[in-house]
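>>> coords please:
(chains A and B)
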Amino acid sequence: MSSPSLVAVVGNPNCGKSALFNALTGLRQKVANYPGATVERRTGPLLGNDHIELVDLPGTYSMTPRSPDEAVTTDVLKGTFKAERRPDAILCVVDATNLAQHLRFVIELRALGVPMVIALNMTDLAARERINIDASALAHKLGVPVVETVAVRKKGLQDLKEKTIEALQMGAPSTLYFGASVRDYQRAARKIAKDVTLSEGIGHKTTRVLDNVLLHPVAGPVILLAILFLMFQAVFSWAEAPMTWIEDGIAYLQTGVNDLLPEGWLLSFLSDGILAGVGAVIVFLPQILILFAFILVLESTGYMARAAFLMDRLMAAVGLNGRAFIPLLSSFACAIPGIMAARTIADPKDRLTTILIAPLMTCSARIPVYTVLIGAVIPNTTLFGNWVGLQGVVMFTLYLAGIIAALIVAAVLKRTVAKGKAHTFMLELPKYQTPRLAYVLTGLYERARLFLRRAGTIILSVTILLWFLASFPAAPEGAASPVSYSLVGIIGGWLEVIFAPIGFNWEISAALVPGMAAREVAISALGTVYSIGGSEEMVEAGVRAAIAANWSLPTAFSFMAWFIFAPQCLSTIAVTRRETAGWKWPLFMLGYLFALAYIASFITYQVASAIIG
Amino acid sequence: MNQEQKIEGEATGAADALVALGTMKPGMFGHVIAFDTTDIPDIDPDTADRLREMGFAEDLEVEVLHQSLIGRDPIAVRIGRMTVALRRREANIVKVQLV
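Below is the predicted model of the structure:
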């Protein structure tokens, strides 16, 4: 018993594999209500038994993979996946509300000759739909143990653990042969399902009723747009109060440090470097959490698949299909999971196109940049009575600009570098479910932790480095602009030559470089530069006020335009390199985004300058 | 295997009375009788198996529930206990006996 036994958790998409995996291992794998939420394998030891290791695999409909995520599963099961040995047993998860469909895959797996246990999952939903299944009859027909479970309520887990251990000890059951074609499997599955189902059930009425509204040809798209609009309004207006608290807290600390320490480099390091820099980013935690809350709720209700249905026509117009909308919507949170979620797309060309346009969807790291800019130059007034904030509308417009640019770029790519034949759209629409508060909170907690860790590591270290470069060499006594004598000032001065035509001063030019590490850093960098520069507004009211005082309107607009396209962070480039297996496409992505950003900012700056003067 | 091909062949032969799923309007329903890719130009024959894997099967009740506003495509259909979204072109593989 030196190396632990490996048990693979498999099943059709969206049957609750990851929820069961989490319940059995105590890990926090992402759980959502749409097919294709898991695109990677993830392993973890069984709670209370170190001799068994579970591996959660992406869902697949059959042993014939249709997309890269499904190929992971089938390769692992066949033992041909290079980074993972062949599983010693299979824990096959079956949706009790849709037995005939899910059994087809079980039957296909039975030919593999591997020990197997079946988790008849979602038995609570089945009971609610008045479906009654004879689990022991099912076990008898399939020749393997069947355990009734409710993964999200942790029901049936103990029994499942025991049966899995037994199955591992007993070895493979004799293989059952049900035929060779999909059709044979389907027939056998339906026959077995029919024999063990005691009552057929009434179907999921809520889903039918909701779909009548949410998939309505007119109301459907209107509601989708309204949800997105509400999301961006909320990011702006709901976060206002908590952001003020954090801002006040940082200002209080800065004042405290200023009172405590004597004038000198230590004070500057703490106040201008760490507090002004990292603080400028931490302020955005509430906004990022609100955005994530929206996306988590959308993912767990089952609406994502509906959004894909509603968007299919539009996506088809640019040569993609509705399925690509799910990774793109996820990219609003962060492009990295978005790019990875593209693995669910069957066609390699469609997948490549989706990866390449994912950075155009405004990720949450750009929220600080937009918020600061909007706060600095757009008046906080309301439109249409008191209902809609102007700042929220501008935010929505910036997001919309990203989406439209993404669609245009996709259309161009599909006609040039990623040319290929039109591919189809086929997607199971899952039943609606009330989002589980515990999952949303876990998701938010994970996100907050990641964000603060980023702020404490990458953003902190880049800020410290920047503070150093912005402070030395020191300026002569009484210089009007002390930072311009420092290394940052010198480098910013060089870069300004490139960026002057798009209206960026040397401070902005210098802030763009650390912005490559993480996009929020552009804001913390500006915070540090203006703080050391002795901008009174910066010390009093933060980077927003410093920008309002120092930038012209065309420059601010140009900066916003830059960040719609802004070449992505290093992590995005790294994940693109991994997903496309080479440097060709990440470099292409970097090049085209830089070119678009420059052109868009140039036009914005020149036009705005001509109008405003 | 042989026998099954024959059954599929027979069903196609009697396709006159059948309607392709992709031509149905929302609210229309019936039973799946056969899968046939031969009358759809340039389609991957494997698509029929994909439809089966998504839950389409002979004798199941099928109903068109929704369609997109523009071009009335894609459609959402109820097949057995499931709801599946697909485009009309692929839906045409599924031949339906209307009720």
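
>>> Flag the shaky bits of chain A, pLDDT-wise.
A:1-2, A:385-387, A:422, A:475, A:477-481, A:533-541, A:613 (pLDDT under 70).

>>> Domain-wise, how is it divided?
For chain A, whose domains are defined here by the TED database, the residue ranges read A:5-200, A:453-612.

>>> Tell me which of these lies nearest to chain B.
domain A:5-200 (3.9 Å; C-beta to the nearest C-beta). Where you see a C-beta, it was placed from the backbone N, CA and C, and this is true even at glycine.

>>> The closest one spans what distance, first to last residue?
One end of domain A:5-200 sits 38 Å from the other (C-alpha to C-alpha, to the nearest Å).

>>> Stretch A:365-383 too?
27 Å.

>>> centre of the chain versus that stretch, how much separation?
Taking C-alpha atoms, centre = their mean, to the nearest Å, one finds stretch A:365-383 lying 23 Å from the centre of the chain it belongs to.

>>> quick one: the strands in the stretch 401-550 of chain A?
A:426-429 (DSSP state E, counting those that start in this stretch).

>>> ok now do residue 22, which residues does it touch?
Using chain A. Contact partners of residue A:22, counting by C-beta atoms under 8 Å, 6 or more residues apart in numbering or on different chains, are A:28-29, A:31, A:151.

>>> my bad, the chain I had in mind was chain B
B:75, B:87-92, B:94.

>>> repeat that for 7 Å
B:88-89, B:91-92 (C-beta atoms under 7 Å, 6 or more residues apart in numbering or on different chains).

>>> Most neighbours among the residues you listed, which one?
residue B:91 (24 neighbours; other C-beta atoms under 10 Å in any protein chain shown).

>>> Am I right that that residue is in contact with residue B:75?
Yes: Residue B:91 is in contact with residue B:75 according to C-beta atoms under 7 Å; the separation is 6.3 Å.

>>> Between the contacts of residue A:22, which sits nearest residue A:493?
Nearest to residue A:493 out of those is residue A:28 (C-beta to C-beta; 47.4 Å).

>>> still on that earlier bit, of all the domains of chain A, which one comes closest to residue B:17?
domain A:5-200 (22.2 Å).

>>> phi, psi of residue B:66?
phi -140, psi 160 (degrees, to the nearest 10).

>>> burial of it, as a residue count?
Neighbour tally, residue B:66, other C-beta under 10 Å: 24.

>>> Residue A:389 too?
Residue A:389: 18 neighbours (other C-beta under 10 Å).

>>> Against residue A:582, how distant is residue A:589?
Residue A:589 is 12 Å from residue A:582, where distance means C-beta to C-beta, to the nearest Å.

>>> cool, residue A:14 as well?
In terms of C-beta to C-beta, residue A:14 sits 32 Å off from residue A:582.

>>> Show me what the strand or helix carrying residue A:396 is packed up against.
Secondary structure from DSSP states H and E places residue A:396 in helix A:390-415. Helix A:390-415 sits against helix A:219-237, helix A:348-357, helix A:367-377, strand A:382-383, helix A:553-565, with contacts defined as 3 or more C-beta pairs under 7 Å, 6 or more residues apart in numbering or on different chains; DSSP states H and E.

>>> Let's see that with 8 Å instead.
With contacts taken as 3 or more C-beta pairs under 8 Å, 6 or more residues apart in numbering or on different chains; DSSP states H and E, helix A:390-415 sits against helix A:219-237, helix A:303-317, helix A:348-357, helix A:367-377, strand A:382-383, helix A:553-565, helix A:584-612.
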